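Can you look at this prediction? I've put the sequence above it.
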Amino acid sequence: DAKTTQPPSMDCAEGRAANLPCNHSTISGNEYVYWYRQIHSQGPQYIIHGLKNNETNEMASLIITEDRKSSTLILPHATLRDTAVYYCIVRGWANFGNEKLTFGTGTRLTIIP
Amino acid sequence: DTAVSQTPKYLVTQMGNDKSIKCEQNLGHDTMYWYKQDSKKFLKIMFSYNNKELIINETVPNRFSPKSPDKAHLNLHINSLELGDSAVYFCASSATGTTEAFFGQGTRLTVV
């Protein structure tokens, strides 16, 4: 699985869009980009994933550059409850128990009132 | 309606003891995992089971023995506990062919 690089920390004002970058320059053609977050003392929570195209769900949007070497997770209207560590993970398609997630150090996002 | 539940939430025990952590999921998933988060907050996979069969075993000491009596349960038994085993242990599950893993709330193990 390709490695990812994320800034260690970011701040964002409440109500504004939070844009979390991730570099994955060694990503291969069949690897997906996943985002999870971990709110303090809780288990990680899945947010979104994508392969090539931009993706949006009820939680966030994922923008993947055309060369796929980087991506940005966007939380459109950040709230205090979005304060968490956000992990960008790159992984090939796996199945039948091989779907392990390799967590890096993530970005600690703090939403400021 | 907890999807992935672990017990206990906290566990304090002395070195050398044997302890178990239980995990149950009610999502109908066929794959379950154990992850360990150490004091530096690194999250790392330990084991995965698919349909009760061990798939991933990430160089974990053999003092750790997972057991899956059925697809909905994956328990973790730890023998001869050491100080370095202190960590938060997370259970997770996913369905074959999907991408989303659901995590439990974690078990904070403290070995004294």
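Everything's here; your move. It should be emphasised that the depicted structure is a prediction, and the values quoted were computed from it without experimental measurement. Numbering: from 1, shown residues only, chains lettered A, B, ... in the order given.

What is the helix-or-strand element of chain B with minimal mean pLDDT packed up against?
Least confident helix or strand, chain B: strand B:53-57 with a mean of 88, by mean pLDDT, DSSP states H and E. Under the contact criterion of 3 or more C-beta pairs under 8 Å, 6 or more residues apart in numbering or on different chains; DSSP states H and E, strand B:53-57 touches strand B:43-50. In this view, the C-beta of every residue, glycine as well, is placed from N, C-alpha and C.

what about the strand it packs on, near chain A?
Yes. Judged by C-beta under 8 Å from any C-beta of the partner chain, strand B:43-50 and chain A are in contact via B:43-45, B:48-50.

And that strand, what's buried?
Residues B:43, B:45-50 are the ones in strand B:43-50 that count as buried (16 or more other C-beta atoms under 10 Å in any protein chain shown).

List just the nearest of the residues you listed to residue B:56.
residue B:48 (4.0 Å; C-beta to C-beta).

show me what contacts the closest one?
Listed by C-beta atoms under 8 Å, 6 or more residues apart in numbering or on different chains, the contact set of residue B:48 reads A:97-100, B:31-34, B:54-56.

Share the number of residues neighbouring residue B:64, please.
17 (other C-beta atoms under 10 Å in any protein chain shown).

no wait, residue B:28
Residue neighbour count, defined by other C-beta under 10 Å, stands at 9 for residue B:28.

Tell me how confident the model is about stretch A:20-32, as a mean pLDDT.
For stretch A:20-32, mean pLDDT rounds to 92.

before we move on, what SS does the spatially most central residue of chain A have?
With distances taken as C-alpha atoms, centre = their mean, the residue of chain A nearest its centroid is residue A:35 (3.1 Å). Residue A:35 carries the three-state label strand when classified by DSSP: H, G, I helix; E, B strand; the rest coil.

quick revisit: got the residues of strand B:43-50 next to chain A as CSV, with pLDDT columns?
Converted to CSV, the residues of strand B:43-50 next to chain A look like this (pLDDT from 0 to 100):
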residue, pLDDT
B:43, 91
B:44, 93
B:45, 92
B:48, 90
B:49, 91
B:50, 89
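
between those residues, which is closest to residue A:74?
Of all those, residue B:43 has the smallest distance to residue A:74: 23.4 Å, by C-beta to C-beta.

re the thing from before, of all the residues in the least confident helix or strand of chain B, which ones are buried?
Neighbour counts over strand B:53-57 (16+ other C-beta under 10 Å) mark B:55-56 as buried.

And stretch B:12-23, by the same measure?
If you call a residue buried by 16+ other C-beta under 10 Å, then stretch B:12-23 has these buried ones: B:13, B:19, B:21-23.

cool, stretch A:42-55 as well?
Neighbour counts using 16+ other C-beta under 10 Å place A:43-50, A:55 of stretch A:42-55 among the buried residues.

Now narrow these to whatever sits close to chain B.
Contacts with chain B are made by A:43-46, A:49 out of these, judged by C-beta under 8 Å from any C-beta.

mind putting these in a markdown table, secondary structure, distance to residue A:77 and pLDDT included?
Shown next, in a markdown table, are those (DSSP: H, G, I helix; E, B strand; the rest coil; distance: C-beta to C-beta, whole Å; pLDDT from 0 to 100):
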| residue | secondary structure | distance to residue A:77 | pLDDT |
| --- | --- | --- | --- |
| A:43 | coil | 24 | 96 |
| A:44 | coil | 22 | 96 |
| A:45 | strand | 18 | 96 |
| A:46 | strand | 20 | 95 |
| A:49 | strand | 21 | 94 |
